[in-house]
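K.L.:
Provided below are the primary sequence and the corresponding predicted coordinates.
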Amino acid sequence: MDIGIFLKTARENAGLKQTDVKKHTNINNKTLSNWENNVSKPSPEDLRILATLYNTTVDYLIGKKEEPNKL
């Protein structure tokens, strides 16, 4: 699977909209959309920020684990 699917699924599982992510992280909606649509990829630091916000692991976000581990 592409990383974008994991990013979008984790965001939705956390009950967040893209605008919510912007409020909590200052990551631009367009940037997040590009990541979720596999136009570009987030940096390792951005992955850590999203994993924390989504209450999951970086391994899940990059597709190394099928189950979203809750922290």
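P.N.:
Noted; the coordinates are in hand. Model, not experiment: these values are computed from the prediction.

K.L.:
Tell me which stretches of this structure form helices.
P.N.:
Listed in chain order, the helices found in the chain under DSSP state H are 3-13, 18-25, 29-36, 44-54, 58-61.

K.L.:
could you redo these as TSV and give each row mean neighbour count and mean pLDDT?
P.N.:
Heads up, the C-betas are built off the backbone N, CA and C, glycines and all. Converted to TSV, the helices of the chain look like this (neighbours: other Cβ atoms under 10 Å; pLDDT from 0 to 100):
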stretch	mean neighbour count	mean pLDDT
helix 3-13	18	96
helix 18-25	14	96
helix 29-36	16	97
helix 44-54	17	98
helix 58-61	19	94
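
K.L.:
Now the residue most central in space within the chain: closest residue in space, sequence neighbours ignored.
P.N.:
Centroid check for the chain by Cα atoms, centre = their mean gives L7 as the closest residue, at 3.5 Å. Nearest non-adjacent residue to L7, counting by Cβ to Cβ, 6 or more residues apart in numbering: E36, 5.1 Å away.
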